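>>> Fold the following.
(chains A, B, C and D)
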There are 2 protein chains.
Amino acid sequence: MASKKHVTIWQVAEEAGVSIQTVSRVLNQRPDVSPETRQNILEIIERLGYQPNAVARGLASRRSRTLALITADFGDYFLNQVVNGAECVARAHDYIYMLGSTDCRPGNEPEYTRLLTERHVEGILFARAHGGAYESHLAKLVRSGIPLVSASFSLNTMPLTVIDVDNVEGGFNATQCLIEHGHSRIAMIKGPETFKSATDRLKGYLSALQAAGLSMDPALIVEGDWYYESGYTAMQTLLARRQPFTALFAQSDAMAIGAMRAMREASLRVPQDVSVVGYDDLPVAAFVDPPLTTIRQPMREVGETATQLLIQEIEEPGSIQTKEVLLRTEFIHRNSCTDNMNY
Amino acid sequence: MASKKHVTIWQVAEEAGVSIQTVSRVLNQRPDVSPETRQNILEIIERLGYQPNAVARGLASRRSRTLALITADFGDYFLNQVVNGAECVARAHDYIYMLGSTDCRPGNEPEYTRLLTERHVEGILFARAHGGAYESHLAKLVRSGIPLVSASFSLNTMPLTVIDVDNVEGGFNATQCLIEHGHSRIAMIKGPETFKSATDRLKGYLSALQAAGLSMDPALIVEGDWYYESGYTAMQTLLARRQPFTALFAQSDAMAIGAMRAMREASLRVPQDVSVVGYDDLPVAAFVDPPLTTIRQPMREVGETATQLLIQEIEEPGSIQTKEVLLRTEFIHRNSCTDNMNY
DNA sequence: GTGAAAGCGCTAACAT
DNA sequence: ATGTTAGCGCTTTCAC
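This next block holds a predicted model:
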């Protein structure tokens, strides 16, 4: 049979010989319904295939059970994992995420606010990879009072609940490993200055050097944009500077892999000539030549925790005042770094 | 100031000294409003910062302007691109996508149907990578009459509007290239049998061989699951069979890269000993050693076209009866395949 | 061109 | 434990 009209709460009530109120109570798991009535109504609901209309419920209760996921680029591995985790937790709590990527149209900064207010989204997960530029807008959202949690993106101008990975620790461990292998001239390809994750990893790098009594050489640091190509050109820049180094810490696996290509083209061998540590543990990291030593981030967990907090804040407002959750990274040892043979 | 109560259509009407109908008419761009009234109302809307409540609109008009995106895994590169494209087109038409990944909980097949009916989604984009298992369920959705478009996923049991890439052509071109380089013993790592894309690429492979008067050797074909690891083990299997081959067509870049690692470990050089062609043109493809020759798929366009059709079907039902759109692939030449030096 | 009335399907606040 | 009365904020008739 073709798409039947939807069954409404009225029909259920009529069939059960009760008022729609009683049905509504059963639907909302209220205690004040007699067991028999409840049982009977449940059976009728089942038999009629009744599904409550979420739109009507939303209007009447002012609860849309809808979350927004603002993100910059679904092609980003980090974000994807976050989304996966977020989606799962949301579903488990019977919330659903609406998509709001900011990328597709330039200058649509205000557009997603419109989306959010119009659709009466109850909370926002801000999972942007990009920094800068949106700060004022985000701040406005924070001030508006709508629950908002950020996945690894902090604001300088405003307190914000952030779930992130301990990037300082990650940067420290990556560098530390290289130092333990006897390296003292350690180059770094960092992420963009606008990212807190990039500056944090830099901090980790710096403090590892310092702890080992090593000095840092600005000539050994180049900035990339996280992606392959930028790692490639960053390494070319580094090589052109002709400052000796025997190790590289790239703040993303993609940049590490890009850099490795540049080194190959310059006849530099990894790890014999240059040891490399990346960051992210991309699926491909284990399959490049040589398999990449890297820092794994629990990205899925970031999404899960963020959503958990978001829902908590929605259901008990005020419960999470600007928490900051830092998840730990994991060091993944592979073959791209080895003892310093050069000095 | 703290989060003000929302402005409603009533306040706009009152402020303008008209009835809410008139405001509603302006909102819905109806022609039957005098220019002055319209202008005046528009200004008041602007001044008051009025945003129509999409939930209320949805209830009254029975149009939610909401689409569902059913997908298996946001970590998949292919899907991500599709999502990006889909999202853009949806936004341009003022629709929004709800997320419905099927992965997070096992056996939640019926769960997303519930989600869809309850939320009164107007159309579904089915962008699953995985085949099999869900067919009966999907068929039920198709029969329910809700507009449904699939991104590269066909159903054997049921006609379905599908936007896909021409996998036969892609498989043909990949193989053809290898043949033109003088290869005749061409191994293939294919995707899972349950994927039409895998069997289509196989068809292309077969017909290229046939066109060249070459025979196919079943011992040269191994199945993987699209991912790196499976390419790695598939190549080990291939090598263990000790059947000579000088070229490899891997149905995904990931499997190609996995296979390349296995070859490295077996001291086989690419492309000198074995030429390789992949499929997908992952961002990493240009940066592995050697840079991978591959088939690029217009995935973003798949998402865009699918959403376009979906919206069209929603707005003019019956307009797209089970179309099948096939987008063309692009051959990307890099360094992983070269002339056959071996025979 | 504009307005009044009647819902959309449900929940909330009182009743009883 | 259950029913009644009001809406939620908007669109849809159908008047004028």
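>>> Name the residues of stretch A:142-153 that are buried.
Buried residues in stretch A:142-153, counting neighbours by 16 or more other C-beta atoms under 10 Å in any protein chain shown, are found at A:142, A:144, A:146-153. C-beta: built from backbone N, CA, C; applies to glycine.
>>> My error: substitute stretch A:153-161 in the last question.
Quick answer for stretch A:153-161 (16+ other C-beta under 10 Å): A:153-155, A:160-161.
>>> Of all those residues, the one with the weakest confidence?
pLDDT across those is lowest for A:L155, at 69.
>>> pLDDT weak spots in the stretch 1-150 of chain A?
A:1-5, A:73-75, A:102-110, A:129-135 (pLDDT under 70).
>>> mind running it again at 90?
Residues of the stretch 1-150 of chain A meeting the criterion pLDDT under 90: A:1-6, A:31-33, A:70-81, A:83-84, A:92, A:99-117, A:126-146.
>>> Quick one: the buried residues of stretch A:153-161 as CSV, columns for distance to chain B and secondary structure too.
Below are these laid out as CSV (distance: C-beta to the nearest C-beta, whole Å; DSSP: H, G, I helix; E, B strand; the rest coil):
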residue, distance to chain B, secondary structure
A:F153, 18, coil
A:S154, 23, coil
A:L155, 19, coil
A:L160, 17, coil
A:T161, 17, strand
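>>> what's the closest of the residues you listed to DNA strand C?
A:T161 (26.1 Å; C-beta to the nearest atom of the strand).
>>> nearest spatial neighbour of the closest one, skipping sequence neighbours?
Excluding its sequence neighbours, the residue lying closest to A:T161 (C-beta to C-beta, 6 or more residues apart in numbering or on different chains) is A:V149, at 4.8 Å.
>>> Assumed the one you found was part of a helix.
No - according to DSSP: H, G, I helix; E, B strand; the rest coil, A:V149 belongs to no helix; its state is strand.
>>> Would you confirm that it contacts A:F126?
Yes - using C-beta atoms under 8 Å, A:V149 is in contact with A:F126, at 7.0 Å.
>>> would TSV of the buried residues of stretch A:153-161 with distance to DNA strand D be doable?
Output for the buried residues of stretch A:153-161, formatted as TSV (distance: C-beta to the nearest atom of the strand, whole Å):
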residue	distance to DNA strand D
A:F153	32
A:S154	34
A:L155	30
A:L160	28
A:T161	27
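>>> Contacting DNA strand C as well, which ones from those?
Filtering the buried residues of stretch A:153-161 for proximity to DNA strand C (criterion: C-beta under 7 Å from any atom of the strand) leaves nothing.
>>> Can you tell me which of those residues is nearest A:I45?
A:T161 (38.1 Å; C-beta to C-beta).
>>> Quick check, that closest one in contact with A:A151.
No - at 10.2 Å, A:T161 and A:A151 do not qualify as touching, with contact defined as C-beta under 8 Å.
>>> From chain B, how far off is the closest residue to A:V277 other than its chain neighbours?
Leaving out its chain neighbours, the residue that sits closest to A:V277 by C-beta to C-beta, 6+ apart is A:A174, at 4.5 Å. Distance check for A:A174 against chain B: by C-beta to the nearest C-beta, to the nearest Å, it reads 20 Å.
>>> Verify the contact between A:A174 and A:V276 for me.
No - when contacts are counted by C-beta under 8 Å, A:A174 is not listed as touching A:V276 (10.0 Å).
>>> Need the residues touching each of those two.
Residues touching both A:A174 and A:V276 (C-beta atoms under 8 Å, 6 or more residues apart in numbering or on different chains) are A:F249.
>>> Show me the contact partners of stretch A:269-276.
Identification of contacts with stretch A:269-276 by C-beta under 8 Å, 6+ apart yields A:178, A:181, A:183, A:245-250, A:256, A:259-260, A:263, A:268, A:290, A:292-293, A:335-338, A:340-342.
>>> Which parts of stretch A:327-343 count as buried, going by neighbours?
Those would be A:327, A:329, A:331-332, A:334, A:336-338, A:340, for stretch A:327-343 by 16+ other C-beta under 10 Å.
>>> Where helices are concerned, which of these count?
Using DSSP state H, no member of the buried residues of stretch A:327-343 falls in helices.
>>> circling back: now list the buried members of the contacts of stretch A:269-276.
The buried subset of those - by 16+ other C-beta under 10 Å - is A:178, A:181, A:183, A:245-250, A:256, A:259-260, A:263, A:268, A:290, A:292-293, A:336-338, A:340.
>>> how many neighbours does the residue of the stretch 201-343 of chain A found nearest DNA strand C have?
Closest to DNA strand C within the stretch 201-343 of chain A is A:E315: 12.9 Å, counting by C-beta to the nearest atom of the strand. Neighbourhood size, A:E315 [other C-beta atoms under 10 Å in any protein chain shown]: 13.
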